[in-house]
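Trainee: Structure for the following, please:
(2 chains)
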Amino acid sequence: MLRSGPFTDERVVGLLNERFIPIYFDLSPKSPASDAAAKSFVTKLKPELGGSRVPTPPVLFVTADGELLGEASNYASEGEMLGALRDVLRQNSKYAGLSDGEGKRPRLARARTHHYLGEDDAAIALLSEPRNARESLFIAQVARRAGDLDHAEKVLGELDSDACADDVALELGLIAFARGDVKTMRDRLAAHSEEGARAPEARYFLGIALFHLGQHAEARAIWKKLVGKHGEHPFSYRADWAYTQTTDNGPAAAPTSFTTQGPKSLLGRHGYMGRKNPDLAQRPG
Amino acid sequence: MLIASLALLFLPQDPALVHPVSLDRTGIEWALPFEAAQKRAREEGRLLAIKPVAFGTTVTGCW
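Mentor: The predicted structure is shown next:
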């Protein structure tokens, strides 16, 4: 669930990289991702994770000396994970300081870190006079995430840069989605090229737009192609999540139980437990 | 001997033996193994963010 949810959010990924030491391991000693030292460390904190049948483990926020300071559910939404990361830093500020050389980075990088930490005023203050299209694009993203869609659209409308055409198309598509205007969303995202760093995200949301327009089979075809082309990308997982919860005729019936029997998802998963893909829910508009 | 060594280089690795983090595309800079992560957390004054996976990693890193 983390890969299809919180790990699709650059703020979560950015905070993990800039303010934490992230590690994962498999509790099974037979897995290539096993780590005996990690398991020993974690089972002292969470003895219930030491058996052969264990509850789904959360993400644990721990000091190097083994003090457990917080945790976030494996099924947390992007917002919940972001809140958990920010909370544990706020409550334990000695672990939240700047890294060596961080203050000397370009101002856009510093603004991004403020944004990840939830300090949007500080982020915007750093970029009060945008010097280039990248800075303007970032200001629009901050406004969109804060719900100030008019301002986000205005900033993007003032941009005149072919170099950012794909980013602008994606941002305008996401703004339209936030407004519940899925026709405009489709048109904006269809203008995005199939290449580029954010192409998986753009293709995923193009599928979401088509799904809400009733073009269910077309949406699923886009998600299937995305998974085949981009493999382990987080938006492949999000597409896989959407694919498993839909049919060519609309939303799939919710499974009554989780099973390791039966067909697997496009990415070979048994299913997605915990919650429904929020992008499939009806939006106002 | 040389030919045998070259052949080994070109033989496909058993995917079951490859740590799935090599395929990871989340953008997260995973610190592995645990001892290295713990050392960094201590030196850099950071918290560890540990995700234990319940018997779920596949050869593609899926969990």
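
Trainee: Quick one: the strands in chain B, in order.
Mentor: For chain B, the strands defined by DSSP state E cover B:47-53.

Trainee: ok, residue A:14 - contacts?
Mentor: Counting by CB atoms under 8 Å, 6 or more residues apart in numbering or on different chains, residue A:14 makes contact with A:112, A:113, A:116. To be clear about C-beta, it is placed using only N, CA and C from the backbone, and glycine gets the same treatment.

Trainee: Same question for residue A:235.
Mentor: A:8, A:200, A:201, A:203, A:204, A:226.

Trainee: so what's the nearest residue to residue A:72 once chain neighbours are set aside up against?
Mentor: Using CB to CB, 6 or more residues apart in numbering or on different chains and skipping residues adjacent in sequence, the residue nearest residue A:72 is residue A:84, 3.8 Å away. Neighbour list for residue A:84: A:59, A:61, A:70, A:71, A:72, A:76 [criterion: CB under 8 Å, 6+ apart].

Trainee: would you say residue A:84 is within a helix?
Mentor: Yes - with DSSP: H, G, I helix; E, B strand; the rest coil as the criterion, residue A:84 is part of a helix.

Trainee: Can you report how many residues lie near residue A:81?
Mentor: Residue A:81 is flanked by 23 other residues according to other CB atoms under 10 Å in any protein chain shown.

Trainee: and if you look at residue A:39?
Mentor: A total of 19 residues lie near residue A:39 under the criterion other CB under 10 Å.

Trainee: quick one: it and residue B:52 touch, right?
Mentor: Yes - contact criterion CB atoms under 8 Å: residue A:39 and residue B:52 qualify, at 7.5 Å.

Trainee: Mutual contacts of these two, please.
Mentor: A:25, A:27, A:49.

Trainee: burial of the first one, as a residue count?
Mentor: Counted with other CB under 10 Å, the neighbours of residue A:25 add up to 27.

Trainee: Tell me if I'm right that it and residue A:34 touch.
Mentor: Yes - Residue A:25 lies in contact with residue A:34 (CB under 8 Å); the separation is 6.4 Å.

Trainee: so how far is residue A:170 from residue B:37?
Mentor: Counting by CB to CB, to the nearest Å, the gap from residue B:37 to residue A:170 is 34 Å.

Trainee: Between those two, point out the one with more neighbours.
Mentor: The residue with more neighbours, out of residue B:37 and residue A:170, is residue B:37; 27 against 24, by other CB under 10 Å.

Trainee: and the stretch 151-285 of chain A, which residues reach chain B?
Mentor: Residues of the stretch 151-285 of chain A that fall close to chain B, judged by CB under 8 Å from any CB of the partner chain: A:230, A:231, A:232, A:233, A:234, A:267, A:268, A:269.

Trainee: quick one: contacts for the fourth one?
Mentor: I take that to be residue A:233. A:200, B:25.

Trainee: For it, grab phi and psi.
Mentor: phi -60, psi 140 (degrees, to the nearest 10).

Trainee: Can you pull out the low-pLDDT segments for chain B?
Mentor: For chain B, the stretches flagged by pLDDT under 70 are B:1-17, B:55-63.

Trainee: and the top helix by length along it with strand B:47-53, angle?
Mentor: In chain B, taking DSSP state H as the definition, the longest helix is helix B:34-44. Following axes from the mean of the first three to the mean of the last three CA atoms, to 10 degrees, one obtains 160 degrees for the angle between helix B:34-44 and strand B:47-53.

Trainee: Name the residues of helix B:34-44 that are buried.
Mentor: With burial defined by 16 or more other CB atoms under 10 Å in any protein chain shown, the residues of helix B:34-44 counted as buried are B:34, B:37, B:38, B:40, B:41.

Trainee: Next, count neighbours for the nearest residue to the first one once chain neighbours are set aside.
Mentor: Read that as residue B:34. Nearest-residue entry for residue B:34: residue A:38, 3.7 Å, with adjacent residues in sequence omitted and distances by CB to CB, 6+ apart. The number of residues packed near residue A:38 is 24, by other CB under 10 Å.

Trainee: picking up where we left off before, turn the buried residues of helix B:34-44 into a markdown table, columns for distance to residue A:276.
Mentor: Below are the buried residues of helix B:34-44 laid out as a markdown table (distance: CB to CB, whole Å):
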| residue | distance to residue A:276 |
| --- | --- |
| B:34 | 34 |
| B:37 | 33 |
| B:38 | 37 |
| B:40 | 37 |
| B:41 | 35 |
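
Trainee: which one of these is nearest residue A:106?
Mentor: residue B:40 (24.4 Å; CB to CB).
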